[in-house]
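Enquirer: Using only what follows, build the 3D model:
(chains A, B, C and D)
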Amino acid sequence: MPPMTIAEKILASHSGQGDAAAGRIVNVSPDIAMSHENAGLVSKIFLEFGLDHVWDREKIVIIFDHRVPAESEKTAAGQKAVREFVKKFGIKNFYDINCGICHQVMPEKGHVRPGEVIVGTDSHTTTHGAFGAFSTGIGATEMAAVWATGKLWMKVPDSFKITITGKLPEMVFAKDVILHLIGELGSDGADYRSVEFYGDTVSGMSIPSRMVLCNLSMEMGAKNAIVPPDEKTFEWLKGRTDKSFSLVYADPDAFYEREINVEASGLVPQVACPHAVDNVKPVGEVKGVKINQALLGSCTNGRIEDLEAAARVIRGKTVHPGVRMLVIPASREVYLEAIQRGILETFVQAGAVILNPGCGPCLGAHQGLMAEGEVCISSTNRNFQGRMGSRNSSVYLASPATVAASAVKGEIADPREI
Amino acid sequence: MEEVFRGRAWVVGDDIDTDQIYHGTYLPITDPKEMAKHAMEYVPGIEDFAKKVEEGDLLLCGRNFGSGSSREHAPMSLKYCGIKVVIAESFAGIFYRNAVNIGLPLVECESLPGFAEPMDIVEVDIKTGLLKNITKNTEIHGAPLPDLEMEILEAGGLIPYMKSHGMFPGVGAGA
Amino acid sequence: MGKTIIEKIIGGHAGKEVSAGDRVWANIDLAVIRDFGGPNVVLEFDEATNKGKVWDPGKIAITFDYQAPAKVAKVAENQRICRDFAIRQGIENLFEVNCGVGQHTLLEHGMILPGSIVVGTDSHMNLLGAVGCYATGMGTTDIAAAFAAGRLWFRVPPSVKVIFEGGFTYPATAKDLTLEFVRVMGADGSLFRSVEFEGDMIDNLPLSGRLTLASMVTETSGEISFFPLSGEIAAFLEKRSGRKIEPVISDPGAVYEKEIVINIEGLRPKIACPHTPDNVKDVREVEGVEVDEVFIGSCTNGSFEDLKAAAEVMKGKKVHPRVRTIVTPATSEVALKALKDGLYEIFMEAGAMVTNPGCALCTIGHPGILGEREVAVSTGNRNFIGKIGKGAEVYLASPVTAALTAIEGKITDPARVLSKV
Amino acid sequence: MPVRGFVHKYGDNINTDVIYPGRYLNIFDPEEMAKHAMEDLDADFLKKVKKGDFVVAGRNFGCGSSREQAATSLHVAGIAGIIAESFARIFYRNSINQGLPIIIAKGVTEKVNDGDEIEVDFETGKIKDITGGVEIQGTPLPPFVLQIVQNGGLIPHLKKTLSGS
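Expert: Residues are numbered from 1 along each chain as shown, chains lettered A, B, ... in the order given. Have a look, this model is predicted:
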């Protein structure tokens, strides 16, 4: 058998093939199929099949997060329809409006395991590669087909090997590393590729930090991103899943279309400027840009270590009077821990708004939208034009520490200087 | 200013609140002509009011018309869809002010119940409070509008009234 | 002739003696705009005055609570209009999207004093009657005019006296008293009246309970309500405002249109059924109605004491899996206290969701909208048709009843299940 | 079989948010979706587009979200196919699954202008610019994938293949 990458191995094992060399089209059986509110669209399409059952009630996961609680009658009606579908078809894993962002709730509730194939109707489904899974975003029609048949065609992707070495300097985080990479590779630099992350910086990273890498790999076009599982992975999963899983690692001489090395110790905080995620600059070049809003949260950076990093910067200070600072813990679990660690208190005292767990204004559909001419610095994942409100507003993407530093200063600021 | 209005009567019941007159969903609208399209949309039975109402129509209501929110959209939507006078057994406080302030005449009339059927032709004198049902050839007396309200209406609303009385000291040169 | 409280307040601001029914021009102490109505006020003001100056920037406040932070771009735009106006006019009292319900925020910041006149673009401004202030909701034209002139025309409302006789104990609360009041009065029972409350229960009612009752006087179409100022509340106001507090009390011989006596001896938990706030029944009469959503918050029941009462019921329990439970502190001050006192943990561990301070789903502005035929129990003040979702049914109850209902998944009478030791 | 239509041309990295804004993601009716196609990119798009027209774009068309509404809204608005220098991967799949044919054609943005009439053969990948008188050879969809498109999208395709087996 030829040597294989992680993607090739996982897709081979999930399509009943001995090998699955890049470029081959295979019929894959996913282990988990996740949707959020767009389960409404998926179920509508699914019903066209006229089936009286779904492929597997245990393997479908539905988590409301995009518009929680419902912000409009239309959404309320959509969510209601999904609840009814869940009940009718006996979907086992349904998480209503109070749980949090799907990409955080998935691993928290034990739906993510190394070596598995996860598909989700959300582009940032790549996040779960942080646990060694092959995890990718798909469309609603495809998901309907998965619900019906349990299968999905895929072209086996070529792989990139990205090796990150060296110690991250103070106030430089996984977010800065991946923004730097996106800036280097461009928004289609890893289009349809499977990205594997290696190096002592990565193995030294916490699971949440690895989730940041995998989450944002989407923004350079990756089909999926993977960090090989290790002790930290097992430790994190302990108590969350009792199902067995297989560990999949690349063969030593597996073929990589491209190998990229990043030296972490030389990095500085990065900012993705409007209106493209690959428009990345060192924070020094955009320092001083006046902001109206600072957003901390999302599937990219709404976890406890993110809140903690921002709280460290902001503790004892106040949000600048001209700035709205919004804090959105990624999940109820994160929220509770943030209370217990006194982090939420710090934010409220500083004058921030704590929103309930969910996607918040990240995709322009919930609380925290912006008016014309306004500027937001955000720990989220996209800064497309008009994404967070008015067409003529701008979003800068940065790490939680940079967001917090900017919130205090009223303008984009270097967290190393606060 | 006109003091006597004659028109078709729309008849609604008691406690029509501002959500029924103008629903919260449409609060972001700022153009009165747009507001007019949603007038009375949540009043059961006459959801199509805004489509059928004609310029010059009159609105006859029960007790406590316009209760609820402070939204000025409520009288605004009525005024801009063509309603000339709102006549009610009683008005909620904020609605009353809002209507006068935007120049929409009101008449309070305790003996209104049973006075008119929908689409009867009704005539109202806002100065005297006299109400005539032309179709049925009957008449009743409502309360005449008090002097201050009448003056505000005559001035075309609160802002022109206060301006003409020198109450706006800080008028700027514009920008 | 003796004067009622409202006659004294309006008279004092009109510079002459006034009586019920009079039309007078009176000075304004504070004019408030929100993200609801506010932008229209700004636009009207600018047009009316040719972008002139406001009468007194120190007497204007801006609060964002209708949809804070904004969930639609248009409201974000509206808030920006208000912010720009504040900068242009030198208005310092701008309370950003983190602060919460406007009236409560103003109260916390010492900006509300007994005997003052406050106008604002919120029909529940009059809940500030709880501390003896004549606060009233107005439309945008009024407030634009107030911004320019510092005074407005008023009709002096007739006064009625409402006397509560007897008393009640937990699990009945101030909200149940309030609902009973609304039931007795009906939707227009206090139409354009100034209500003066009396009774032992009133004397002992803490500020949070007075805010609850005062806020729902609106639902009986009342213009304002007043309470005998307690020492505790006077001390609170003094501390917050840094000013000496002078209560306004009615004169002997003041003229009341009528006196209404409401017997509240042994009051049972109450609930307002769809679709009017005055459709009030005993909770026991509607026990068993299955609910989809429970909302605890609003200007009526978003005080710390309200949240605490709900938390006491929820502690160590789980909300029913079907029931989406949303808890919203009225202000950031309430939020901080609730955080410190462990209430957030109780709610979150029970499976409820805690949202940021504000009006929450009480205005359709905020998230939490219901689907068709869904049922909610809310601690808010209105359950009009379509108020929080077309075709939905809303019941209004106390935080205790709401919390218990969230756990049981159906409307449940706290008098049957709970009693305080 | 080649089909003819007019070109609406856009640049590189056209993302799903400008093709179909997030605020409309709670819409599930395709006709409704079509009313917001390209809303944040080209406000006049719906006025200009006629049934059978094509979108021609640069690199990485459809990058960003997995929202299928992006492809659906264009399709229902009348777009008969999309020709781009390259496609973002989820959009690529979503189009196919919708039955909306696409062709990757290097150099298409240099040779084809906005408003040109073109003739496209999705089976061979050949694009003829009638107005400009040039021809471009694109990469046609692999036969397996083209079959999905020809069957009208993934669901009809699966229905057909499932009932056939």
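
Enquirer: Helices along the stretch 251-400 of chain C, start to end?
Expert: C:298-301, C:304-314, C:332-340, C:343-349, C:399-408 (DSSP state H, counting those that start in this stretch).

Enquirer: Can you tell me what sits against the first one?
Expert: It stands for helix C:298-301. C:101, C:103-104, C:124, C:127, C:175, C:178, C:211-212, C:215-216, C:328, C:330, C:359-360, C:362, C:378-381, C:398-399 (Cβ atoms under 8 Å, 6 or more residues apart in numbering or on different chains). C-betas here are computed from N, CA, C, even on glycine.

Enquirer: Next step: those restricted to strands.
Expert: Residues of the contacts of helix C:298-301 located in strands (DSSP state E): C:S378.

Enquirer: roughly how far apart are the residue of chain D found nearest chain C and chain B?
Expert: Distances between chain D and chain C by Cβ to the nearest Cβ are smallest at D:R23, namely 7.4 Å. The gap separating D:R23 from chain B is 13 Å, by Cβ to the nearest Cβ, to the nearest Å.

Enquirer: ok, now which ones touch that residue?
Expert: A:G364, A:A365, C:V72, C:A73.

Enquirer: wouldn't the third one be in contact with A:L369 here?
Expert: Read it as C:V72. Yes. Between C:V72 and A:L369 there is a contact under Cβ atoms under 8 Å: 6.4 Å.

Enquirer: In terms of neighbours, single out the busier of these two.
Expert: Taking neighbours as other Cβ atoms under 10 Å in any protein chain shown, C:V72 and A:L369 compare with A:L369 leading, 29 against 20.

Enquirer: B:E89: how many residues sit nearby?
Expert: 19.

Enquirer: What of C:V377?
Expert: C:V377 is flanked by 33 other residues according to other Cβ under 10 Å.

Enquirer: Can you name the residues of the stretch 301-418 of chain A that neighbour chain D?
Expert: Residues of the stretch 301-418 of chain A that fall close to chain D, judged by Cβ under 8 Å from any Cβ of the partner chain: A:L363, A:G364, A:A365, A:R382, A:F384, A:Q385, A:G386, A:R387, A:R391.

Enquirer: hmm, try it at 6 Å
Expert: Applying Cβ under 6 Å from any Cβ of the partner chain, we find that the stretch 301-418 of chain A lies next to chain D at A:L363, A:G364, A:A365, A:F384, A:G386, A:R387, A:R391.

Enquirer: just the stretch 51-200 of chain A next, same as before
Expert: A:74-75, A:78, A:121-123, A:137, A:139-142, A:145, A:187-188, A:192.

Enquirer: List the contacts of the closest residue to C:G297 other than its chain neighbours.
Expert: Nearest non-adjacent residue to C:G297, counting by Cβ to Cβ, 6 or more residues apart in numbering or on different chains: C:T328, 3.1 Å away. C:T328 makes contacts with C:G297, C:T355, C:A360, as judged by Cβ atoms under 6 Å, 6 or more residues apart in numbering or on different chains.

Enquirer: Skip the chain neighbours and tell me the closest residue to the last one.
Expert: Here the nearest residue to C:A360 in space, its sequence neighbours aside, is C:T328; by Cβ to Cβ, 6+ apart that works out to 3.7 Å.

Enquirer: if I look at that neighbour, how far off is C:G242?
Expert: According to Cβ to Cβ, to the nearest Å, C:T328 and C:G242 sit 29 Å apart.

Enquirer: Same question for A:A350.
Expert: In terms of Cβ to Cβ, A:A350 sits 25 Å off from C:G242.

Enquirer: do the same with C:E44
Expert: 34 Å.

Enquirer: And these two? Which one has more around it.
Expert: Using other Cβ under 10 Å as the criterion, C:E44 and C:G242 rank with C:E44 on top: 22 against 8.

Enquirer: which phi and psi does the residue of chain D closest to chain C have?
Expert: The phi/psi pair for D:R23 (degrees, to the nearest 10) reads phi -70, psi -20.

Enquirer: same deal with C:V248?
Expert: According to degrees, to the nearest 10, C:V248 has phi -100, psi 120.

Enquirer: neighbours around the residue nearest to it when sequence neighbours are not counted, how many?
Expert: In this structure, C:V248 finds its nearest non-sequential neighbour in C:G115, 4.4 Å apart by Cβ to Cβ, 6+ apart. Using other Cβ under 10 Å, C:G115 has 18 other residues around it.

Enquirer: quick one: contacts for whatever residue of the stretch 201-350 of chain A ends up closest to chain D?
Expert: Closest approach between the stretch 201-350 of chain A and chain D, counting by Cβ to the nearest Cβ: A:K223, at 5.6 Å. If a contact means Cβ under 6 Å, 6+ apart, then A:K223 has A:T136, A:P157, A:Y192, A:S194, D:R89 as its contacts.

Enquirer: wait, doesn't C:A172 sit right on C:I264?
Expert: No. Assessed by Cβ atoms under 6 Å, C:A172 is found out of contact with C:I264, at 8.4 Å.

Enquirer: Show me which residues of chain B sit near chain D.
Expert: Going by Cβ under 6 Å from any Cβ, none of the residues of chain B are near chain D.

Enquirer: need the residues of chain B near chain C, please.
Expert: So far as Cβ under 6 Å from any Cβ goes, chain B lies against chain C at B:15, B:17, B:19, B:24, B:28, B:42, B:63-64, B:67, B:69-70, B:72, B:90, B:92-94, B:98, B:101-102, B:148, B:158-159, B:162, B:167-168, B:170-172, B:174-175.

Enquirer: where does chain D have low pLDDT?
Expert: D:163-165 (pLDDT under 70).

Enquirer: Mind naming the longest strand for it?
Expert: strand D:3-9.

Enquirer: ok now that one, how far from the chain's centre?
Expert: Relative to the chain's own centre, strand D:3-9 is displaced by 11 Å; criterion: Cα atoms, centre = their mean, to the nearest Å.

Enquirer: quick one: contacts of that strand?
Expert: With Cβ under 6 Å, 6+ apart, strand D:3-9 has contacts from D:52-56, D:80, D:112, D:114, D:116-120.

Enquirer: what comes up buried for it?
Expert: D:G5, D:F6, D:V7, D:H8, D:K9 (16 or more other Cβ atoms under 10 Å in any protein chain shown).
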